[in-house]
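# Have a look at this prediction, sequence included:
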Amino acid sequence: MTSTFPAAHGFAIPFLRYHDAPAAIDWLRLTFGFEVKDLITNEDGSIDHAQLVYGQGMVIVASVLHNDVDTYMVQPDQARGVTQGLYLVAEEPDVLCERAKASGADVIIDIRDSPYGGRSFTCRDREGHLWSFGSYNPWKDKPAKTSGTGYATEGYAS
């Protein structure tokens, strides 16, 4: 699954830190089909920076390195929970859910129809990060609104 994302600005690329980033990268590749676009390792074998592509999206994965960024982050095991997760649009979420189960992932929300459309599931990886895959594509299924009424954020100063 090769990315064809054009050079642009204004899109989000989430990044995650792992205690065992090489194992996490292998799991994401083998279980869900991520492709490694770039990989920079340190002398000790830890991952300084890995770009993983999924369709037209990307996630950056690195080892917990106790560097400047890591001083502001906690891992799920340290937080005793998760404060955010990733949602990835998938053509066949049912197939990916079965692959997640077969890989030993903790599927915390089994595959089901979503109230906003499509089918999805959510799992935890081996280090506790949340991954959701679903067929609902908010870019395609519900275009962004740039004006109008009814939003709770109207009236907020930026």
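Nice, thanks for sending it over. Numbers count the residues shown, from 1 in each chain.
# which element is residue 26 on?
Assigned by DSSP states H and E, residue 26 falls within helix 21-32.
# Figure out how far that helix is from the centre of its chain.
Relative to the centre of its chain, helix 21-32 is centred 12 Å away, using CA atoms, centre = their mean, to the nearest Å.
# who does the nearest residue to residue 84 once chain neighbours are set aside bridge with?
In this structure, residue 84 finds its nearest non-sequential neighbour in residue 130, 7.5 Å apart by CB to CB, 6 or more residues apart in numbering. C-beta: built from backbone N, CA, C; applies to glycine. With DSSP bridges applied, residue 130 shows beta-bridge pairing to residue 85, residue 124.
# so how far is residue 43 from residue 130?
32 Å (CB to CB, to the nearest Å).
# out of those two, which sits in the more crowded spot?
Legend: neighbour count by other CB atoms under 10 Å for residue 130 and residue 43, higher for residue 130 (19 against 5).
# Correct me if wrong: the more buried one contacts residue 79.
No: checked against CB atoms under 8 Å, the pair residue 130 and residue 79 is beyond contact range at 11.9 Å.
# how much space between residue 129 and residue 43?
26 Å.
# domain parsing for the chain?
1-73, 77-145 (automatic domain parsing).
# Tabulate the ones you listed (JSON lines), appending mean pLDDT.
Shown next, in JSON lines, are these (pLDDT from 0 to 100):
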{"stretch": "domain 1-73", "mean pLDDT": "87"}
{"stretch": "domain 77-145", "mean pLDDT": "90"}
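# Alright, I will stop here.
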